[in-house]
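[1] how would this look folded up:
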Amino acid sequence: MKRRIICTILVLVFTLSLFPVFAEDATYPIGYNTAASEIRIGEELTLIASPKFPSGTKDIKYQWYVTSTGKIADAQKIDGADGSLYKYTAQASGEYYFYCEITAIYKGETVTTLDYNKMTGVAVKVKEALAIVPVGEDNVTIYNPKETVIFLVETKNASNPSISWYSCDEKGNTGKMLAIGQTLPVKGITEDMLGIPQYFACIAVDGEEVDLHIFTVTLKDESEKDKEVEEKPNITDKDNDENTEDPDDYVFPFTDVSKDDWFYADVLSAHKSGLINGKTETTYSPDDNMTYAEAVKLACAMHQLERDGKVTIPNGSMWWYSTYMDYALTEGIIDEDLSAKANDPITRKEYVYIFYKALPEENFAEINDIAKGAIPDVEDGKYSLRIYTFYRAGILTGSDEKGTFLPDSNIKRSEVAAILTRMSDKTARKNITLK
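    This next block holds a predicted model:
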């Protein structure tokens, strides 16, 4: 008899343990559809709260709160968020914590999921939105249909997005793909497009996120350029004292180039005309070897300056030389992308091969009679025509009286300055006779 009573008591205790005792304002667990999420500004996140109340609970009420400190005492009530589902649209970057307070009535008593000691909710990290950022102008006017415009973009808030360029209309409806990467060289604008904006779409994709930016090129008549200049307000020297730079105020900046150096005048001329810069603000480094990237940049600058009267090619963001490589390929200055050896020293023959395309052929009028085969170390082949052209035009003179070229040697920055000066200023070219 005693054994039966004991068993009955044990069964009763075990059975009661399956049903919690509900005190007034009792706290119960809550489940969410996610524990943590990471989204970007502008994206939407759906949060769902599910209370784990016992069967028979009535009058369930929901209220969502948010805090950026992680402390429940700092939480702010979200107006209108009074359902089990809350759709959050990210508006500012940061880390946020959402939780839902759920109350109900069970057997006449109030029960809740809110536990001030153990706040349960959803952690949400909001990152800045993917953005395409133009480097330079995105709305360009040209007056010469032969001019090449190079658009360049950077992206913000993405590690390695894919970037593509398309033709498009003014609303961004895309057509043919034109390029992949950070730059788009635009050429081929024809006279029948006069006054008609040409639209180009840049699209960046990072996972499921996409951003689009529209660029525009408009060809106008040369007469409109003159009209625009005339319509600009007349700013007197007095009004513009702070912004006017007197050319006579130019100060040669390079401390490592002396007036006694044979290349002083060439470096001075090339720097003053904006064709070449120093390694730093005060050093030119005349004995340093010129790299492929530096050579391509100089050739592009000379090409655009000759054709358009100004240099507008911006530096690339990831690799400063990328825009110049694109321009050089587009304009036929180089035959292949040289990015793989951008930082390698360039040889004298490669330098001349590239610079031959920096100016139109009519700029290389012969002033020296140099017979084919006269230069002792220049063999007939890929480079010979361009090397001989530079000798005959007085741009190159050789390293000795025989005109030895040293084609496979690296070219120094001091030598480059001389070549730049002679290419841009025909009066600086040299008359020579090889012995």
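[2] so where is the stretch 101-250 of the chain shaky, pLDDT-wise?
    By pLDDT under 70, the low-scoring segments of the stretch 101-250 of the chain are 114-119, 224-248.
[3] try it again at 90.
    Counting by pLDDT under 90, the stretch 101-250 of the chain contains low-confidence residues at 101-162, 170-173, 176-177, 179-195, 203-212, 219-250.
[4] all the strands of it, residue numbers only.
    With DSSP state E, counting those that start in this stretch as the criterion, the stretch 101-250 of the chain has strands at 109-112, 122-127, 131-134, 139-142, 149-156, 162-168, 174-180, 183-186, 198-206, 209-219.
[5] tell me the contacts of the residue lying closest to Glu415 once chain neighbours are set aside?
    Beyond its immediate neighbours in the sequence, the residue positioned closest to Glu415 (C-beta to C-beta, 6 or more residues apart in numbering) is Phe263, lying 7.5 Å away. (Each C-beta comes from the backbone N, C-alpha and C, glycine too.) For Phe263, the contacting residues are Val257, Pro286, Ser414, Glu415, Ala417, Ala418, taking C-beta atoms under 8 Å, 6 or more residues apart in numbering as the criterion.
[6] can I get these in a markdown table including distance to Thr110 and pLDDT?
    A markdown table is the format used below for the contacts of Phe263 (distance: C-beta to C-beta, whole Å; pLDDT from 0 to 100):
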| residue | distance to Thr110 | pLDDT |
| --- | --- | --- |
| Val257 | 86 | 92 |
| Pro286 | 86 | 91 |
| Ser414 | 88 | 90 |
| Glu415 | 89 | 90 |
| Ala417 | 87 | 88 |
| Ala418 | 91 | 88 |
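[7] in PyMOL, select just the buried ones from those residues.
    The PyMOL command for the buried members of those (criterion: 16 or more other C-beta atoms under 10 Å) is given here:
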select buried, resi 257+286+414+415+417+418
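[8] show me how this protein divides into domains.
    According to the domain assignment given by automatic domain parsing, the chain is divided into the following structural domains: 23-127, 131-228, 247-428.
[9] let's have the strands of the stretch 101-250 of the chain in CSV, adding mean neighbour count and distance to Glu379.
    As requested, the strands of the stretch 101-250 of the chain are exported to CSV (neighbours: other C-beta atoms under 10 Å; distance: least, C-beta to C-beta, whole Å):
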stretch, mean neighbour count, distance to Glu379
strand 109-112, 16, 91
strand 122-127, 18, 59
strand 131-134, 17, 47
strand 139-142, 15, 43
strand 149-156, 20, 37
strand 162-168, 18, 42
strand 174-180, 14, 38
strand 183-186, 22, 35
strand 198-206, 20, 45
strand 209-219, 18, 44
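[10] nearest to Cys100, out of the ones you listed?
    When those are ranked by proximity to Cys100, the top entry is strand 122-127, at 8.9 Å, counting by C-beta to C-beta.
[11] which strands or helices does that closest one pack on?
    strand 36-40, strand 94-106 (3 or more C-beta pairs under 8 Å, 6 or more residues apart in numbering; DSSP states H and E).
[12] could you dump stretch 41-53 to PDB, C-alpha only?
    Output for stretch 41-53, consisting of C-alpha atoms alone and laid out as PDB, is shown next (Å, rounded to 0.1, in the frame of the first residue of the first chain):
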ATOM      1  CA  ILE A  41      21.600  51.400 -46.300                       C
ATOM      2  CA  GLY A  42      18.400  51.300 -48.400                       C
ATOM      3  CA  GLU A  43      17.900  47.600 -48.000                       C
ATOM      4  CA  GLU A  44      14.900  46.100 -46.200                       C
ATOM      5  CA  LEU A  45      15.000  43.500 -43.500                       C
ATOM      6  CA  THR A  46      11.900  41.500 -42.300                       C
ATOM      7  CA  LEU A  47      11.900  40.600 -38.600                       C
ATOM      8  CA  ILE A  48       9.400  38.100 -37.200                       C
ATOM      9  CA  ALA A  49       8.800  37.500 -33.500                       C
ATOM     10  CA  SER A  50       7.200  34.300 -32.100                       C
ATOM     11  CA  PRO A  51       6.400  34.000 -28.400                       C
ATOM     12  CA  LYS A  52       6.600  30.700 -26.700                       C
ATOM     13  CA  PHE A  53       3.500  31.100 -24.600                       C
END
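[13] pretty sure Thr218 sits against Phe200.
    No - in this structure, Thr218 is not within contact of Phe200 by C-beta atoms under 8 Å, at 11.9 Å.
[14] show me where the stretch 151-300 of the chain has helices.
    In chain order, the stretch 151-300 of the chain shows helices spanning 222-231, 264-272, 292-308, with DSSP state H, counting those that start in this stretch as the criterion.
[15] right, and these - which one's nearest Tyr391?
    Taking C-beta to C-beta as the criterion, helix 264-272 is the member of the helices of the stretch 151-300 of the chain that comes nearest to Tyr391, at 17.7 Å.
[16] would you pull up how far that closest one lies from the middle of the chain?
    For helix 264-272, the separation from the chain centroid amounts to 32 Å (computed by C-alpha atoms, centre = their mean, to the nearest Å).
[17] give me the angle between it and helix 292-308.
    Put simply, helix 264-272 runs at 70 degrees to helix 292-308, going by axes from the mean of the first three to the mean of the last three C-alpha atoms, to 10 degrees.
[18] and Trp64, bridged to which residues?
    Cys100 (DSSP bridges).
[19] circling back: ok, and which of the helices and strands packed on strand 122-127 has the densest surroundings?
    Ranked by average neighbour count under the criterion mean count of other C-beta atoms under 10 Å, the helices and strands packed on strand 122-127 are headed by strand 94-106 at a mean of 19.
[20] that one: how far from the chain's middle?
    On C-alpha atoms, centre = their mean, the centre of strand 94-106 falls 42 Å from the chain's centre.
[21] likewise for stretch 76-88?
    Put simply, stretch 76-88 sits 39 Å off its chain's centre (C-alpha atoms, centre = their mean).
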